[in-house]
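[1] need coordinates for the below:
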Amino acid sequence: LLCMNKRTFLKTSLLASAGLVSLSSAWPQVSINEEFTLPKLDFDYKALEPHIDSATMEIHHSKHHASYVKKLNEALQGSPYKNKGLSIEALLQKLPAEETAIRNNGGGHYNHSLFWKLLSPTPSEPSTEFLAALKNQFGSLETFQEQFQKAALSHFGSGWVWLVLSKGRLEILSTANQDNPLMEKILGRKKLKPILALDVWEHAYYLKYQNKRVDYVSVFWKVLNWQEASRLYIQK
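    So this is what the prediction gives:
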C-alpha cells in the first residue's frame, strides 16, 4: 500500500467494495513458473566436507543448477506452458517427451532442488514409520542401502537414482540424464512420488572422486538428510 498514492488507493478500495476488482488484483500477479529461481542452500558449500568438497558443491549449485534454471526460463518463453501457473512438479507431469529443452532443464531444476534438501551436514536417522516401511519392503535398512547403491553403480552414463513411493510401496529406480519419476508421459507411469534422489552425473563427484563413483555413492549415507526423506514419505 505504501507504493500507492492516496488517490489510487481510494479508487482501488471503492472499486473493490463495488465488486469490480479485488484488492489482490491491484498487485502484480506472477505465475509460479513465470520465472523460476535458483534456491538457496540450507548450508554452506564447505559444510559437507570431507564427504563432498566445497569446490564441487559451489560449481554444482552456482554453475550447473543455475544454468538449468536460466535455460528453463528461456525455454518457457513462447511455449504453451508459459503463464499457466504451474509448479515445477505439475509442469513436468504434463510435459511430453518432445519438449526437450523444458524436459532437460526443468528436470535439472527439480532434481537438484530436491537433492539439496536431501543433503545435510547434521547426522540423522529415518523416522520410525519410514524405517519400518524400508524394512518391510527390503528386509532391512542395510539391504535397502545395498540395493540402492547397486542401482547407482550399475546405471550407465549420466542420470539419477531414486527411491519412490508407488501405490503405497517403496521402489528403487533410475532415470537417464535429467529425467525424473514425475514425468508421467515420458516414463509411462503415474503417481510416482520421489522420496530419495542421488545425482550420478560425473559433475556431482568428479573433482574429489574422479572416476570412482563407488566412493561417492558410499558417502551419500553420511550426508543424507533422513529427516527430510522421512517427511516426504510421511506426506504420502
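
[2] any idea how far Lys117 is from the closest residue to Pro121 other than its chain neighbours?
    Using CB to CB, 6 or more residues apart in numbering and skipping the chain neighbours, the partner closest in space to Pro121 is Ala47 (4.1 Å). The C-beta positions use only the backbone N, C-alpha and C, and glycine is treated the same way. Applying CB to CB, to the nearest Å, the value for Ala47 to Lys117 is 14 Å.

[3] then Arg103?
    Using CB to CB, Arg103 is found at 22 Å from Lys117.

[4] between these two, tell me which one has more neighbours.
    Arg103 (24 against 17; other CB atoms under 10 Å).

[5] from the contact counts, what lies against the helix or strand hosting that one?
    In the assignment (DSSP states H and E), Arg103 maps to helix 100-117. Applying 3 or more CB pairs under 8 Å, 6 or more residues apart in numbering; DSSP states H and E, we find helix 100-117 packed against helix 66-76, helix 88-94, strand 192-199.

[6] kindly recompute the last result at 10 Å.
    helix 66-76, helix 88-94, strand 159-166, helix 184-187, strand 192-199, helix 226-234 (3 or more CB pairs under 10 Å, 6 or more residues apart in numbering; DSSP states H and E).

[7] after it, next one along is what?
    Scanning forward in sequence from helix 100-117 by DSSP H and E, the next helix or strand is helix 128-138.

[8] pull up the gap between the nearest residue in space to Tyr110 that is not next to it in sequence and Val223, please.
    Nearest non-adjacent residue to Tyr110, counting by CB to CB, 6+ apart: Ile88, 4.9 Å away. To Val223, Ile88 is 24 Å away according to CB to CB.

[9] equivalent analysis for Lys193, please.
    In this view, Lys193 and Val223 are 22 Å apart by CB to CB.

[10] ok so, going back, relative to helix 226-234, how tilted is the helix holding Arg103?
    120 degrees (axes from the mean of the first three to the mean of the last three CA atoms, to 10 degrees).

[11] okay but Leu153 is in contact with Val200, surely?
    Yes. Leu153 lies in contact with Val200 (CB atoms under 10 Å); the separation is 8.5 Å.
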